[in-house]
Structures are given as structure tokens and as C-alpha cells.
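> got a sequence here, can you model it:
(one chain, ligands or ions: 1)
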Amino acid sequence: MASLKLCPKCHTWNNDRDYCEKCNHLLNHEIARKIEVEIQEEKEANRELDAVDIFIHKVKNSRFLLVRGVYYLFYSIWFIYTVIVSIGVAIIAAGPG
Ligand SMILES: [Zn+2]
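Have a look, this model is predicted:
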């Protein structure tokens, strides 16, 4: 089935096209989203490590068992905390519905 898409840029109606035939503007939302995700992933990959990341990396790979132990202890606490928050949100969301 053919579907008409209105170009938001030049207001031309396009028949089943991913790109506007007049101005070549991207009309397909799925492609647009994919491109956005790719750009985001690239940004994330090229991001320079900040002080916190470096600190965590150091602690995680420390040669002292105690330091690594403290890291995993805090990591477990954080994990449990997120689980509790998720359950809380689920209960709140289920309530009024
Ligand atoms: Zn257009």
C-alpha cells in the first residue's frame, strides 16, 4: 500500500520514499532513528575518559584485594539499590492503573 509522506522541510508530498524527491530531506523515521543511534554510539566510543571513569578503572583493577573488595561491595550496593528502585517504580506504576 502506498503512503504519502509530507516533507517537513519543503512541504512536498512524497509517495513511499525514504528521502524527499525535491530537497532530499530524510523522511523515513526508522532510518533517522538508526542514524541518530549510530551518531550517539560513535560519540560514546570517542568520549574521553573523565576522572570518575579513570578512578573506577583504577579501583577495579587494583592489585590490592581489599580495594577491589570495596569496589565490588559498593557495586553490589548500587545494584541492589537499582533493583529496589525498579521494583518501587513498578509498584507505583501498577497502583492507579
Ligand atoms: Zn523536501
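> ok, and for the longest helix along the chain, which residues are buried?
For the chain, the longest helix by residue count, based on DSSP state H, is helix 65-94. Neighbour counts over helix 65-94 (16 or more other CB atoms under 10 Å) mark Tyr71 as buried. Where you see a C-beta, it was placed from the backbone N, CA and C, and this is true even at glycine.
> what's that helix packed up against?
Here helix 65-94 touches helix 51-60, going by 3 or more CB pairs under 8 Å, 6 or more residues apart in numbering; DSSP states H and E.
> who touches the helix it packs on?
Leu49, Val67, Arg68, Val70, Tyr71 (CB atoms under 8 Å, 6 or more residues apart in numbering).
> which one of those residues is nearest the ion?
Checking the contacts of helix 51-60 against the ion with CB to the ion, the nearest one is Leu49 at 41.3 Å.
> give me the neighbour count for the closest one.
Neighbour count for Leu49, taken as other CB atoms under 10 Å: 10.
> what residues does this protein put near the ion?
Counting by CB under 5 Å from the ion, the residues of the chain lying close to the ion are Cys7, Lys9, Cys10, Thr12, Cys20, Lys22, Cys23, His25.
> now do 8 Å
7-12, 14, 20-25, 27 (CB under 8 Å from the ion).
> chain center to the helix or strand of the chain with the lowest mean pLDDT: distance?
When the helices and strands of the chain are compared on mean pLDDT, DSSP states H and E, helix 51-60 comes out lowest with a mean of 82. Computed by CA atoms, centre = their mean, to the nearest Å, the chain-centroid distance of helix 51-60 equals 22 Å.
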